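> Below is the sequence, then the predicted model.
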Amino acid sequence: MSELNNIALKIIGNGKGILAADESTGTMTKRLDNVKIESNPQNRLLFRETLFSSASMKDCIGGVILYDETIKQSNASGKKIPELIADSHAVTGIKVDSGAKTLPNSPEEKITEGLDGLRERLKEYYKLGARFTKWRAVYTISEKYPSDLSIYSNAHALARYAALVQESGMVPIVEPEVLMNGNHNSEDCFQKTSEVIKKCFEQLELHKVELKGTILKPNMILPGSDSDERIDTLKIAEMTIKCLEESVPSEVPGIAFLSGGQTEKEATKNLNQINIKNETNFIMTYSYGRALQQSALKFWSKDLKNIKGTQEVFNHRAKMCSLASKGEWTEKVENI
Ligand code: 13P
């Protein structure tokens, strides 16, 4: 087994998943504004280090994705954040794209930027302790979109990114996110997500990316947030598995879903059903941002000093996700 494959399995194997705590300062400021907490480097660090030093990190979190600000911070006792993460035997990851910008000649769509100077930045992040990375491409569904241009150009950028990351000795998370926004139905989501993922792997293979040392981070197959369609968890799981089985090469060790606007419970329940039904060899786990942090953030915002209470809320959520990654979650354990 290659070294990259070992890292990938350490991150997503054994009932573990990923804590996506890599919100850019802009996004984190929105999250903190929502709970009426001032967004400054100290508060952003305090919330994040509270999660990273929680008891559930050891059993439930194999990797944490950080933002540039956080990977360079130390806690109050002088411990560097990647070291704090390593104390729980989790792997430090880093978001390396510089965001989704207007796609030239298709101004309603986005292209993710950040390739310029990436090789040098990766060297720096490796020295800081990162062993995996994330790059997110976004696509919206409507009658005209995503266009071939957006599907191709984002796949190309993801492949160039992934090749550079592996050259630096790290595992790339490839995240093509088909957004939930819109009134499309689940079948549209299935079709577009399949098309997007297939194009990504076509480009990854062209760029000679080692698939065994790659993690895919896709959306689940869901109706759009403004759609009238109601489908149950079983249908979501079946469509999601079918899409991935048909679009992802079997060498890929695992798939870590984003939560993408689902509630914490929906994201847990859907992942659980996916694992009950999963007959593929892919590990299917979580790489959640909001669906791991929302309740903890809300609780913390009421009293920034209540570290223990905040950690209890986070521990419960992380435990539920870990059970779901093994198909062992139930309503009963959720409500304990
Ligand atoms: P959500 O789980 O909140 O969608 O975030 C995951 C993520 O990392 C998006 O890039």
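Nice, I can see it.
> From here on, just use CA atoms for contacts and neighbour counts.
Will do.
> which residue sits closest to Leu66 in space, ignoring its chain neighbours?
Ranked by Cα to Cα, 6 or more residues apart in numbering and with sequence neighbours excluded, the top spatial neighbour of Leu66 is Asp22, at 4.3 Å.
> who's in contact with that neighbour?
By Cα atoms under 8 Å, 6 or more residues apart in numbering, Asp22 lies in contact with Ile65, Leu66, Tyr67, Ile94, Lys95.
> And the third one, how close does it get to Ile81?
The span separating Tyr67 from Ile81 equals 11 Å under the rule Cα to Cα, to the nearest Å.
> Specify the local secondary structure of the most centrally placed residue in the chain.
Taking Cα atoms, centre = their mean, the centroid of the chain lies closest to Ser287, which sits 3.7 Å from it. When the structure is split into helix, strand and coil by DSSP: H, G, I helix; E, B strand; the rest coil, Ser287 lands in strand.
> Just list the residues touching the residue lying closest to it once chain neighbours are set aside, thanks.
With sequence-adjacent residues excluded and distances taken as Cα to Cα, 6+ apart, Ser287 is closest to Ile18, at 4.3 Å. Counting by Cα under 8 Å, 6+ apart, Ile18 touches Ile11, Ile12, Ile61, Gly62, Gly63, Val64, Ile65, Ala256, Tyr286, Ser287, Tyr288.
> ok, Ile18 to Gly93 distance?
Ile18 sits 9 Å away from Gly93, taking Cα to Cα as the criterion.
> Now for Tyr286: which residues touch it?
Contacts of Tyr286 were listed using Cα under 8 Å, 6+ apart, and they are Gly17, Ile18, Leu19, Ile255, Ala256, Phe257, Leu258, Ser259, Leu271, Cys321, Ser325.
> A strand includes the second one, no?
Spelled out, it's Ile18. Yes. Under three-state DSSP, Ile18 sits within a strand.
> Show me what it is bridged to.
Beta bridges link Ile18 to Gly63, Ser287, judged by DSSP bridges.
> What score does it have for pLDDT?
The predicted local distance difference test score for Ile18 is 99.
> From the contact counts, what lies against whichever strand or helix holds Pro172?
Under the assignment given by DSSP states H and E, the secondary-structure element containing Pro172 is strand 171-178. Strand 171-178 is packed against helix 3-12, strand 132-139, helix 148-167, helix 186-206, strand 215-216, with contacts defined by 3 or more Cα pairs under 8 Å, 6 or more residues apart in numbering; DSSP states H and E.
> Many thanks, have a good one.
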